[in-house]
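1. this one's sequence-less:
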């Protein structure tokens, strides 16, 4: 029998001009056992002085994206498959955002929502190239996960607005057990961090 584990991990810091800080609104189900598919989701918060996420990733992702680090661990005896096309970030049950692919991520990093905007203090080409490489290498990619293996990476979305993030749900719609075709669904609810 296949068991599923979904875990929510959270690390938060603060800054006004970045994507809003998302906090879990429900605990992930944690089921023990050897035969599990484990999904760990962590909202990335790179803004603020001394951000551990920014040090580790080498880029202030929160300035550009609403980003989540996802770890998919296959602790079953069968291969499983994962596709980013089956991931969505639903905002207040009305708007669905889908992960940015590599080209979209780079374009959004460079232009944001407005390609005609004026950047007063542009980054050096060297720094921009370094950060683009970080985006490419850290993104979560599609693929199969062998028994006992895991896949880890970032899922990047356009920034969620501070005024529309009371009910944000990250959903991994289908993780498929290759042999049986069985599909597993994982859902992680969040909301903006409220101001004291």
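-> In hand now; what should we look at? For clarity, every value in this text was computed on a predicted model and none was experimentally measured. Numbers count the residues shown, from 1 in each chain.

2. Which residue comes closest to residue 179 once chain neighbours are left out?
-> residue 78 (4.7 Å; Cβ to Cβ, 6 or more residues apart in numbering). The C-beta positions use only the backbone N, C-alpha and C, and glycine is treated the same way.

3. To clarify, my last question referred to residue 140.
-> residue 153 (3.0 Å).

4. Identify the residues contacting that neighbour.
-> 69-70, 138-141 (Cβ atoms under 8 Å, 6 or more residues apart in numbering).

5. Just these: which are in strands?
-> In strands, defined here by DSSP state E, the members of the contacts of residue 153 are 69-70.

6. In a helix, residue 105, correct?
-> Yes. Using DSSP: H, G, I helix; E, B strand; the rest coil, the assignment for residue 105 is a helix.

7. And the residue nearest the centre of the chain, what's its pLDDT?
-> Closest to where the C-alpha atoms of the chain average out (Cα atoms, centre = their mean) is residue 68, at 2.2 Å. On pLDDT, residue 68 comes in at 95.

8. Distance check, it against residue 127.
-> 24 Å (Cβ to Cβ, to the nearest Å).

9. For the protein, which segments count as helices?
-> For the chain, applying DSSP state H gives helices covering 52-57, 102-111, 125-138.

10. Show residues contacting the first one.
-> What it means is helix 52-57. Helix 52-57 is contacted from outside by 11, 44-47, 60-61, 134, 138, 154, using Cβ under 8 Å, 6+ apart.

11. Mind listing what's buried along that helix?
-> The neighbour-count check on helix 52-57 (16 or more other Cβ atoms under 10 Å) flags 53-54, 57 as buried.

12. now do stretch 162-169
-> Those would be 165, 168-169, for stretch 162-169 by 16+ other Cβ under 10 Å.
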